[in-house]
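Visitor: sequence and computational prediction follow.
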Amino acid sequence: MPTNIENICCIGAGYVGGPTCAIIASKDLDISVTVVDLSQPRIDEWNSSRLPIYEPGLQDIVEAARDGSGLNPVTLHFSTDVKGAIHRADLIFISVITPTKTVGVGAGQAADIKYVEAAAREIAEVATSDKIVVEKSTVPCGTAEILRDIFDAVGDPQVRFEVLSNPEFLAEGTAIADLLSPDRVLVGSEGTPSALEAASALADVYSSWVPRERIITLNIWSSELAKLSANCMLAQRISSINSLSAICEATGADIQEVSHSVGLDKRIGPNFLKASIGFGGSCFKKDVLKLVYMAETLHLPEVAAYWKAVVDIKNGKRTALAGTTVDGKRIAILGLAYKKNTGDTRESPAIDFMGSMLAEKATLAIYDPKVSYNKIIHELGELFGHEAVARYVKPCENAYSACRGASTVVIMTEWDEFKTDRLTLPPALDLGDLTASRLTTPTVKRADSVSSGIPSSQSEDRS
Ligand code: NAD
């Protein structure tokens, strides 16, 4: 088993693979890092000055490692040559998506690990030397065993494969800070001498910038389940506070006062206690559903029902937004990303909301500082019909042009530009004092005249 890592490959140049590898490559470790992806456009963007994802601080780190300069060698590569990168690597991260299944048994709930399996199969077919294979993707407990079976069945018997679990805890929007200073790094292994050797080689890579006490070596099943559990616990807090906000709305209690008071209790703490439209992002929902499915298959119906409620409360909160007649009206939607400081719209509350508004034939004037309009228009078209989207969705250059002539303004993402500066609106459009305090109001207020709604800020998918 390689004990000194000189060449790393990462399969999947996404929100996790790209930033994680950029940080490793920036650490002057004498390690060549290659991030590979099947998508040529995505790789082209990583190799350009317009990266496919937005993360504060990412651009400079990528450019320095990818382009090199003076005494600094090139340490970071982006390529579609998956086989070549696997062939050269000592250690391979698998960082592909793990959505829920769309068809068959467990559709909509069970984890679909076919992308992880495909990556493992490719590794098994290509490898001619020993490899450390690292699950970076969030996977259900037991996945490492499936990977081991693939290596046993497909791999060259002369080649040894050691599977580790090293789940990623970064949150979009703060990925670089999270990677540079993680609360913990988990390195899960099966505990055999060879597995421990591989775990120690991976821990050595991280230890060049992460304090040793934050690098936890543990059993591989615990590592897989710990990641899933962390996301579920965070999602559960959001749903808990949202369930209480429904009681507040019915009783006259103020959810902000309640959450502030509750959060002052040190045992509870203030994080993830802002009432909102519910969690967004690509991870929380699918990861809670994975736990639900695992509980069902383990014949633990009460456990499944408990976690299922976390998702149900989120959905209830979201549909409650639609309601009044908006036919023919112009609605300004400020923010499309599922949270600030990212251009990611996967599972964004804004998308569901826009679907409801389009069904009612409202004209949607949309604005987001980082979301690619071409991409979002295409995605909305796939979801709600290209004709309807072309007719009713109007991308705008800034918040002001989106608000012009709107009967309702809905702020879906807590971008700072919507809250730190008072929005000076055109005279024809008096939104009143759209200030920071109003921007934290969790409920959407909609009226026939101009009004504002500020539901976001809790879509903090720490996935
Ligand atoms: P992503 O969709 O941004 O990136 C995945 C990439 O993998 C895509 O570009 C896709 O083209 C590529 N890919 C898929 N199969 C491939 C193959 N066989 N060979 C080469 N490339 C392939 O996904 P992501 O958001 O980076 O998430 C990856 C994993 O990390 C998921 O399991 C997710 O749950 C987990 N995670 C995500 C976050 C997050 O904030 N996005 C945080 C922590 C963990």
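Guide: Structure received.

Visitor: which residue ranges of the stretch 201-350 of the chain form helices?
Guide: Along the stretch 201-350 of the chain, counting by DSSP state H, counting those that start in this stretch, helices occupy 220-251, 255-263, 284-297, 301-319, 349-359.

Visitor: what does the stretch 51-200 of the chain put close to the ligand?
Guide: Residues of the stretch 51-200 of the chain found near the ligand (Cβ under 6 Å from any ligand atom) are 82, 95-98, 115, 118-119, 137-138, 168, 170, 172. (C-beta placed from N, C-alpha, C; glycine too.)

Visitor: in a markdown table, list those along with pLDDT and distance to Ser401.
Guide: A markdown table is the format used below for those (pLDDT from 0 to 100; distance: Cβ to Cβ, whole Å):
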| residue | pLDDT | distance to Ser401 |
| --- | --- | --- |
| Val82 | 98 | 43 |
| Ser95 | 98 | 38 |
| Val96 | 98 | 38 |
| Ile97 | 96 | 34 |
| Thr98 | 96 | 39 |
| Tyr115 | 98 | 39 |
| Ala118 | 98 | 44 |
| Ala119 | 98 | 43 |
| Ser137 | 98 | 40 |
| Thr138 | 97 | 39 |
| Glu168 | 98 | 37 |
| Leu170 | 97 | 34 |
| Glu172 | 96 | 27 |
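
Visitor: give me the buried entries from those residues.
Guide: Among these, those buried by neighbour count (16 or more other Cβ atoms under 10 Å) are Val82, Ser95, Val96, Ile97, Thr98, Tyr115, Ala119, Ser137, Thr138, Glu168, Leu170, Glu172.

Visitor: just give the nearest non-adjacent residue to the fourth one, would you?
Guide: The spatial neighbour of Ile97 that comes closest, neighbours along the chain excluded (Cβ to Cβ, 6 or more residues apart in numbering), is Tyr115 at 5.7 Å.

Visitor: that neighbour contacts Thr98, correct?
Guide: Yes. Counting by Cβ atoms under 8 Å, Tyr115 touches Thr98, with 7.0 Å between them.

Visitor: which neighbours do those two have in common?
Guide: Common contacts of Tyr115 and Thr98 (Cβ atoms under 8 Å, 6 or more residues apart in numbering): Ser137.

Visitor: residues in contact with Ile123?
Guide: For Ile123, the contact set (Cβ under 8 Å, 6+ apart) comprises Ile11, Ile86, Ile92, Lys131, Val133, Phe151, Gly155, Phe161.

Visitor: rerun at 7 Å
Guide: Counting by Cβ atoms under 7 Å, 6 or more residues apart in numbering, Ile123 touches Ile86, Ile92, Lys131, Val133.

Visitor: give me the number of residues near the residue of the chain found nearest the ligand?
Guide: Nearest residue of the chain to the ligand, counting by Cβ to the nearest ligand atom: Gly14, 1.9 Å away. Gly14 has 21 neighbouring residues, counting by other Cβ atoms under 10 Å.

Visitor: try Gly269
Guide: Residues lying near Gly269 (other Cβ under 10 Å) number 12.

Visitor: quick one, what contacts the closest residue in space to it that isn't next to it in sequence?
Guide: The shortest distance from Gly269 to any non-neighbouring residue, by Cβ to Cβ, 6+ apart, is to Gly263 (6.1 Å). Gly263 makes contacts with Gly269, Pro270, Leu273, as judged by Cβ under 7 Å, 6+ apart.

Visitor: pLDDT wise, what is Gly263 at?
Guide: For Gly263, the pLDDT comes out at 96.

Visitor: related to what we said a few turns ago, which residues touch the nearest residue to the residue of the chain closest to the ligand once chain neighbours are set aside?
Guide: Counting by Cβ to Cβ, 6+ apart, the nearest residue to Gly14 once its immediate chain neighbours are dropped is Ser95, at 6.5 Å. By Cβ under 7 Å, 6+ apart, the contact set of Ser95 is Cys10, Ile11, Gly12, Gly14, Val16, Gly17, Lys136, Ser137.

Visitor: and Ser282, what pLDDT?
Guide: 86.

Visitor: nearest spatial neighbour of Ser79, skipping sequence neighbours?
Guide: Closest residue to Ser79 apart from its sequence neighbours, by Cβ to Cβ, 6+ apart: Val36 at 5.4 Å.

Visitor: Lys290 now?
Guide: Going by Cβ to Cβ, 6+ apart, Lys290 has Ala111 as its nearest residue, at 4.6 Å.

Visitor: count the neighbours of that neighbour for me.
Guide: Count around Ala111 with other Cβ under 10 Å applied: 24.

Visitor: and it, how far from Glu302?
Guide: Here Ala111 is placed at a distance of 21 Å from Glu302 (Cβ to Cβ, to the nearest Å).

Visitor: and if you look at Val311?
Guide: Val311 is 16 Å from Glu302, by Cβ to Cβ.

Visitor: quick one: which of the two has more around it?
Guide: Neighbour count, other Cβ under 10 Å: between Val311 and Glu302, Val311 has more, with 20 against 7.

Visitor: before we move on, back to that, most tightly packed of the helices of the stretch 201-350 of the chain?
Guide: Comparing those by mean neighbour count (mean count of other Cβ atoms under 10 Å), helix 284-297 ranks first with a mean of 23.

Visitor: Val134 should be in a helix, yeah?
Guide: No. Going by DSSP: H, G, I helix; E, B strand; the rest coil, the assignment for Val134 is strand, not a helix.

Visitor: close enough to count as contact, it and Asn166?
Guide: Yes. The pair Val134 / Asn166 is scored as a contact, 4.9 Å apart, by Cβ atoms under 7 Å.

Visitor: anything in contact with each of these two?
Guide: By Cβ under 7 Å, 6+ apart, Val134 and Asn166 have these common neighbours: Leu202.

Visitor: ok so, going back, any idea how far the residue nearest to Lys290 is from Thr138?
Guide: In this view, Ala111 and Thr138 are 8 Å apart by Cβ to Cβ.

Visitor: pull up the overlap in contacts between these two.
Guide: Common contacts of Ala111 and Thr138, defined by Cβ under 7 Å, 6+ apart, comprise Thr98.

Visitor: burial measure for the closest residue to Glu55 other than its chain neighbours, as a count.
Guide: Computed as Cβ to Cβ, 6+ apart, the closest residue to Glu55 that is not its neighbour in sequence is Ala175, at 4.6 Å. Using other Cβ under 10 Å, Ala175 has 26 other residues around it.
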